[in-house]
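K.L.:
coords please:
(2 chains, ligands or ions: 3)
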Amino acid sequence: MGRYVLATLMERTQLAEGIFSAVLRAEEIASAAKPGQFVCVYSDDGAHLLPRPISICNTDVKSGTVRLVYRVVGFGTEELSRKEVGAKIRVLGPIGTGYEKVSEGKDRPIRIVIGGGIGIPPMLLLARKWCEECYEVHAVMGYRNKDTFLIDELSGYAVCHIATDDGSVGTHGTVLDAIESEGLLADGRDGKTLLAACGPMPMLRGIARLAGERNIPAYVSLEERMACGVGACLGCITKTREVDGHSHVHNARICTEGPVFNVNELCLV
Amino acid sequence: MNTSVSIAGVVLKNPVMTASGTFGSGMEYSEFADLNRLGGVVTKGVAVTPWEGNPTPRVAETTGGMLNAIGLQNPGLDVFLERDLPFLQKYDTTIVVNVCGHSEEEYVEAVARLADTPADLLEINISCPNVREGGIAFGTNASKICEITKAVKAVAKQPIIMKLSPNVTDITEMALAAQDGGADAVSLINTITGMKIDINRRTFALANKTGGLSGPAIKPVAVRMVWQVAQKVSIPIVGMGGIATAEDALEFLMAGATAVSVGTANFNNPGVTMEIVDGIEAYMRRNKIEDIRDIIGCVR
Ligand SMILES: Cc1cc2nc3c(=O)[nH]c(=O)nc-3n(C[C@H](O)[C@H](O)[C@H](O)COP(=O)(O)OP(=O)(O)OC[C@H]3O[C@@H](n4cnc5c(N)ncnc54)[C@H](O)[C@@H]3O)c2cc1C
Ligand SMILES: Cc1cc2nc3c(=O)[nH]c(=O)nc-3n(C[C@H](O)[C@H](O)[C@H](O)COP(=O)(O)O)c2cc1C
Ligand code: FES
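P.N.:
Ligands and ions are numbered 1, 2, ... in the order given. The predicted structure follows:
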């Protein structure tokens, strides 16, 4: 379960248009964080009460820091981009169940991490972990255009494959097109591969369809509006095929049972 | 210094409770708040059978508050009695079980099945704006409130708190109807029906279209209603609606609430209930108040 702490903003850089990287010092979160988990960031402004969920992009246990990479879309992310280095920020984390839940396909030697847009950040920590565990790791990243980010860091842990909507870098098309054009599942590789994806819902549906057709185990990270971040409000649910063990209805809490789910548990396709 | 209060003979060590639906079964917040230091834990609404709730989005932030349309998702009474209630029993706090239903029969059945359990108090939610059949249909009609209160009282072994909706013209009429029906206490307010439109998607922010507004934005309305009800009824009042600080809680006590519930504020700070408990004690020390009961309803 997460800790509620006062973190210190150590560093902030802009990675691309509207995309920022923030390094927060929060020792307890850094040492406990697992790939796929996230933190909740609280605003200082009393009119904005709800926590902003942001994935853990990377950690450095030695310096006790957590790195977040986020897109500015509204009040909370904007506020985070205005804060000065040294500022204190209320953070709750690490939250959720990440890729430690992988069971189906856990003996598969090839790992493809797939990120679409602002779904790319959590793939960094995951690629790093799987690289350290000596898997063959590929990263497939989808961007709108040549305004890319995190490619350099990911190349340290994975063979990178890029797709852009406008074709300015890498494959012209989606991450699915890149998987196809780069032959990542060709020559019997599909039987040795495990997929992990985070990104917009249409992309996740595509991954789920691919996984179903080719019989490949796949895990995806979901997003939903959250109010509590600790499993109490039941705001953040996703529909499940079977009755969920906690809720006893066909709903799982994305902040607690997720955000990572086996696609077979979900009603994506 | 005495901070304890009592509701129909059930003693709370202090007046600070949690608000139903915002604190799970207590388990979810037990790492952030010491449940032993709470006057009471009010659980998420539970019904005789599991409810799936509404589609998502179920929550949306609004200025100084939030809208929710969870739709009373709950695992049903069997799971609640087997898993959630035993967890709370480990703590030295008053257990208040919040009950919802689709019909009068369902309320009565749930209350009957809770009779011989460790629940100390039952809070009957007749005021949830997010489910069509249950809740608000009962909660906005005084004769219905009186009738349903009588029906649950007939089978209840624990004192009954009727939870009132603010979505009415005159809440004192509803409170008096609950009192006439034999309620041991009333709690107020539940959420105020609201709407938010997502201008980027050009549709409702919530899948349910409307939702219940909660948080600091509703506090003045809640304080006003608690005060009005306090002038009319003789049974205890549990006050809630936007409490985020000890000062907020004290306003409700002075307006006439015997105890308070803290809801949405937990979402902004998971340890907020501890700060409120400490803050009330600090206020009492500062102002040399020996007994919390001396300030309850002191503003008339
Ligand atoms: C598990 C999870 C991990 C996430 N990881 C990242 C990440 O690593 N980087 C990143 O840039 N974004 C991430 N997001 C999305 C991020 O939470 C939203 O962009 C952010 O909350 C927007 O807040 P705001 O105040 O800037 O926007 P506003 O539009 O002002 O926010 C209003 C309300 O809506 C909520 N909200 C808005 N967009 C989203 C969304 N897409 N998902 C959930 N809630 C939303 C906010 O939390 C807030 O309560 C993640 C979301 C989830 C659920
Ligand atoms: C997410 C959420 C879920 C709720 N669920 C319930 C519920 O199950 N039963 C109930 O009686 N009230 C429910 N409520 C209402 C609260 O208990 C409380 O009356 C209301 O939110 C006002 O208090 P607050 O402003 O402190 O949150 C819920 C409120 C929220 C925000
Ligand atoms: S955000 Fe409250 S249950 Fe997930």
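
K.L.:
tally of neighbours for A:Gly115?
P.N.:
Neighbour count for A:Gly115, taken as other C-beta atoms under 10 Å in any protein chain shown: 27. The C-beta positions use only the backbone N, C-alpha and C, and glycine is treated the same way.

K.L.:
and it, how far is that from A:Val159?
P.N.:
Distance, A:Gly115 to A:Val159, using C-beta to C-beta, to the nearest Å: 14 Å.

K.L.:
any idea how far the host helix or strand of A:Glu11 is from the middle of the chain?
P.N.:
Taking DSSP states H and E as the definition, A:Glu11 sits inside strand A:3-16. The chain centre lies 17 Å from the centre of strand A:3-16; the measure is C-alpha atoms, centre = their mean, to the nearest Å.

K.L.:
now stretch A:214-229
P.N.:
9 Å.

K.L.:
span of that stretch from start to end?
P.N.:
35 Å (C-alpha to C-alpha, to the nearest Å).

K.L.:
with stretch B:194-214 instead?
P.N.:
Span of stretch B:194-214 from end to end, C-alpha to C-alpha: 10 Å.

K.L.:
do that stretch and ligand 2 meet?
P.N.:
Yes - against ligand 2, stretch B:194-214 shows contacts by C-beta under 6 Å from any ligand atom at B:Ser214.

K.L.:
avg pLDDT for the strand or helix carrying B:Val96?
P.N.:
Applying DSSP H and E as the criterion places B:Val96 in strand B:94-99. For strand B:94-99, mean pLDDT rounds to 98.

K.L.:
quickly check: that strand near chain A or not.
P.N.:
No - on the criterion C-beta under 8 Å from any C-beta of the partner chain, strand B:94-99 is out of touch with chain A, staying 13.3 Å away.

K.L.:
hmm, that strand in reach of ligand 2?
P.N.:
Yes - contact check for strand B:94-99 against ligand 2, using C-beta under 6 Å from any ligand atom: residues in range are B:Asn98.

K.L.:
and the next helix or strand past that strand?
P.N.:
helix B:104-114.

K.L.:
buried ones in that following helix?
P.N.:
Buried positions in helix B:104-114, judged by neighbour count with 16 or more other C-beta atoms under 10 Å in any protein chain shown: B:104, B:106-111, B:113-114.

K.L.:
ok, now stretch B:30-38?
P.N.:
Those would be B:30, B:32-33, B:35, B:37-38, for stretch B:30-38 by 16+ other C-beta under 10 Å.

K.L.:
residue boundaries of the helices in the chain?
P.N.:
Since you didn't name a chain, this refers to chain A. A:27-32, A:75-82, A:121-132, A:151-155, A:175-181, A:201-214 (DSSP state H).

K.L.:
think we crossed wires, I meant chain B
P.N.:
Going by DSSP H, chain B shows helices at B:77-79, B:85-89, B:104-114, B:136-139, B:142-155, B:171-180, B:219-232, B:246-255, B:265-268, B:272-286.

K.L.:
at the contact with ligand 2, which residues of chain B appear?
P.N.:
Close to ligand 2, as judged by C-beta under 6 Å from any ligand atom, chain B has residues B:19-22, B:44-45, B:68, B:70, B:72, B:98, B:125, B:128, B:163, B:190-191, B:214-215, B:218, B:240-243, B:262-265.

K.L.:
okay, now A:Lys34: neighbour count?
P.N.:
18.

K.L.:
by proximity to ligand 2, which residue of chain B wins?
P.N.:
B:Gly21 (1.9 Å; C-beta to the nearest ligand atom).

K.L.:
with chain A instead?
P.N.:
Counting by C-beta to the nearest ligand atom, chain A gets nearest ligand 2 through A:Cys233, at 4.2 Å.

K.L.:
check contacts around the closest residue to that residue other than its chain neighbours.
P.N.:
Excluding its sequence neighbours, the residue lying closest to A:Cys233 (C-beta to C-beta, 6 or more residues apart in numbering or on different chains) is A:Ala227, at 4.3 Å. Contact analysis of A:Ala227 by C-beta atoms under 8 Å, 6 or more residues apart in numbering or on different chains lists A:50, A:233, A:235-236, B:59, B:66, B:68, B:264, B:267.

K.L.:
what is the burial count for B:Ser143?
P.N.:
When neighbours are defined as other C-beta under 10 Å, B:Ser143 has 10 of them.

K.L.:
quick one on the thing from earlier: if I look at the residue of chain A closest to ligand 2, what pLDDT would I see?
P.N.:
98.

K.L.:
likewise the one 5 residues further on?
P.N.:
You'll see A:Thr238 listed with a pLDDT of 98.

K.L.:
list the residues that contact it.
P.N.:
A:Thr238 neighbours (C-beta under 8 Å, 6+ apart): A:222, A:224, A:251-252, A:254, A:258, A:261, A:266-267, B:56.

K.L.:
repeat that for B:Pro118.
P.N.:
Contacts of B:Pro118 by C-beta under 8 Å, 6+ apart are B:85, B:88-89, B:95.

K.L.:
give me the distance between the closest residue to ligand 1 within chain B and B:Asn68.
P.N.:
Scanning chain B for the residue nearest ligand 1 gives B:Glu61, at 4.0 Å (criterion: C-beta to the nearest ligand atom). Note on B:Glu61: its distance to B:Asn68, by C-beta to C-beta, is 10 Å.

K.L.:
count the residues that sit near A:Lys239.
P.N.:
Neighbour tally, A:Lys239, other C-beta under 10 Å: 16.

K.L.:
now do the contacts for the one residue sitting closest to the centre of chain A.
P.N.:
Centrality entry for chain A: nearest residue to the mean C-alpha point is A:Pro122, 3.3 Å, by C-alpha atoms, centre = their mean. Neighbouring residues of A:Pro122 by C-beta under 8 Å, 6+ apart: A:35-36, A:38, A:55-57, A:115, A:198, A:221.

K.L.:
filter those down to the ones near ligand 1?
P.N.:
Among those, ligand 1 is touched by A:38, A:55 when using C-beta under 6 Å from any ligand atom.
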